[in-house]
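Engineer: would you be able to build a 3D model of this:
(one chain, ligands or ions: 2)
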Amino acid sequence: MQITLRQPDDWHLHLRDDAMLEAVVASSARHFGRALVMPNLVPPVTTGEAAREYRNRIEQAVQSALPDSGFKPLMTLYLTDTTEAADVVQAAADGTILAVKLYPAGATTNSASGVTDLSRVMPVLEAMAQHGIVLCVHGEVTHAEVDIFDREARFIETVLEPLRQELPELRVVMEHVTTRDGVEYVAANDRNLAATLTTHHLMINRNHLLVGGIKPHYYCLPIAKREEHRLALVKAATSGDERYFLGTDSAPHTRSSKESDCGCAGVFNAANTMVCLAAVFEEAGALDQLEAFASLNGPRWYGLAPNDASMTLRKSGNASPLPPPVQVGDECVMPFDPARPIYWEVI
Ligand code: DOR
Ligand code: ZN
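Structural biologist: Residues are numbered from 1 along each chain as shown. Ligands and ions are numbered 1, 2, ... in the order given. Next up, the predicted model:
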């Protein structure tokens, strides 16, 4: 069995910087045409100028790692309490950025500079709504009293819905939705709202993370939820509904920083995302929807043409090996283990 699709894009990717960037970029460039690159560096990418410089560094890394790939980084700005509306509008108008990323302060890796209160960034959000600039949200509240498994649902209720009431013209992507609440919220709103889904949240639930010993390589944010939520995500991804598209949230951390007293959040799935997705879509009886999810819905939302190139995936009788760990200096980054044999390969 084999299937050919337009070359996919990754609408949510962490590429980091310096040696890590150089080590991981080929894993994305090998398969994806474009990626929307997250801005949570230290310090974060908060200005148009910083985004242009970061894009140059990524392009250089692509040049040395996989020069013929044609891989194109698309940039985001990190929204902070002090972001200037004029800088955002300018960076979008001159093609530097495609979107702005909202991290609630403290929500995840390198989010200390995130937004403390939405009221502080209303002028920026109003300008974005006016100019059609997309807001990508990490949709979790961060209050200590809210249980980690409830943080996404609470965000929708207390932050996202009020924001959308106030600014219905703002175009919002709920990044990496992990709950039935998330996909149902998207399904219930027919304008200016979309969601990305990750590879790992389509494949693992919280038992994978916690049963039979704690598995730090499955720890990510938002945290994996119950199986019923995973099933709701698979249903959304395989539905063909144009509001759902692939954002891998591939987020490399060194092995030692994951296997630690206080392990970092993030799953590095860039290298095997497409074979994993083929398995998920096949199991759902929806291989014919994989192209919409991975290659068509994202560009349509962002007003871009799909890639011209194509990708062929083939199912073989033998399970494919996991991608090798990626070496970074004397450390390594472990690839996503989908917790089941995968019989697909990219040819
Ligand atoms: O698991 C995650 N890792 N979730 C995020 O939101 C950030 C990411 C990272 O940058 O490591
Ligand atoms: Zn992310």
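
Engineer: would you mind measuring from the residue nearest to residue 272 when sequence neighbours are not counted to residue 221?
Structural biologist: Excluding its sequence neighbours, the residue lying closest to residue 272 (CB to CB, 6 or more residues apart in numbering) is residue 323, at 5.2 Å. (Glycine included, C-beta is placed from N, CA and C.) In this view, residue 323 and residue 221 are 23 Å apart by CB to CB, to the nearest Å.

Engineer: max-length helix in the chain?
Structural biologist: helix 48-65 (DSSP state H).

Engineer: quick check, the residue nearest to residue 272 in contact with residue 271.
Structural biologist: Yes - contact between residue 323 and residue 271 holds when scored by CB atoms under 8 Å: they sit 3.8 Å apart.

Engineer: looking at these two, which is more packed in?
Structural biologist: Using other CB atoms under 10 Å as the criterion, residue 323 and residue 271 rank with residue 271 on top: 23 against 18.

Engineer: going by secondary structure, that one is in what exactly?
Structural biologist: Assignment of secondary structure by DSSP states H and E places residue 271 within no helix or strand.

Engineer: common neighbours of residue 323 and residue 271, please.
Structural biologist: Each of 27, 335 lies in contact with both residue 323 and residue 271 under the rule CB atoms under 8 Å, 6 or more residues apart in numbering.

Engineer: re earlier: tell me the predicted confidence for the residue nearest to residue 272.
Structural biologist: Residue-level confidence at residue 323 comes out at 98, pLDDT.

Engineer: check contacts around it.
Structural biologist: Going by CB under 8 Å, 6+ apart, the list of residues near residue 323 reads 27, 271, 272, 335.

Engineer: for these, which one is nearest residue 280?
Structural biologist: Closest approach to residue 280 among those (CB to CB): residue 272, at 11.9 Å.

Engineer: quick check: that closest one vs residue 293, distance?
Structural biologist: Taking CB to CB, one finds residue 272 at 16 Å from residue 293.

Engineer: repeat for residue 94
Structural biologist: 31 Å.

Engineer: and these two? which has more neighbours close in?
Structural biologist: Neighbour count, other CB under 10 Å: between residue 94 and residue 293, residue 293 has more, with 27 against 10.

Engineer: which residues in the stretch 101-250 of the chain form strands?
Structural biologist: Using DSSP state E, counting those that start in this stretch, the strands of the stretch 101-250 of the chain run over residues 134-137, 172-174, 193-197, 244-246.

Engineer: just the pLDDT at residue 116, thanks.
Structural biologist: With respect to pLDDT, residue 116 has a value of 89.

Engineer: no no, residue 162
Structural biologist: 97.

Engineer: same check on residue 327?
Structural biologist: 98.

Engineer: what does the chain put close to ligand 1?
Structural biologist: Counting by CB under 6 Å from any ligand atom, the positions of the chain adjacent to ligand 1 are 14, 40, 108, 109, 138, 220, 221, 249, 251, 265, 266.

Engineer: now do the contacts for the nearest residue to the third one once chain neighbours are set aside.
Structural biologist: When the adjacent residues along the chain are set aside, residue 108 lies closest to residue 221, with 4.3 Å between them (CB to CB, 6+ apart). Residue 221 makes contacts with 107, 108, 109, 138, 140, 265, 266, as judged by CB under 8 Å, 6+ apart.

Engineer: among those residues, which ones are in helices?
Structural biologist: For the contacts of residue 221, not one is inside helices, with DSSP H as the criterion.

Engineer: of all those residues, which two lie farthest apart?
Structural biologist: The span of these, defined through CB to CB, is set by 140 and 266 at 14.7 Å.

Engineer: is it true that residue 130 touches residue 169?
Structural biologist: Yes - counting by CB under 8 Å, residue 130 touches residue 169, with 7.4 Å between them.

Engineer: between residue 140 and residue 266, which has more neighbouring residues?
Structural biologist: Neighbours per residue, other CB under 10 Å: of residue 140 and residue 266, the larger number sits with residue 140, 26 against 22.

Engineer: what about the more buried one, distance to residue 249?
Structural biologist: To residue 249, residue 140 is 13 Å away according to CB to CB.

Engineer: ok, now residue 285?
Structural biologist: Counting by CB to CB, the gap from residue 285 to residue 249 is 25 Å.
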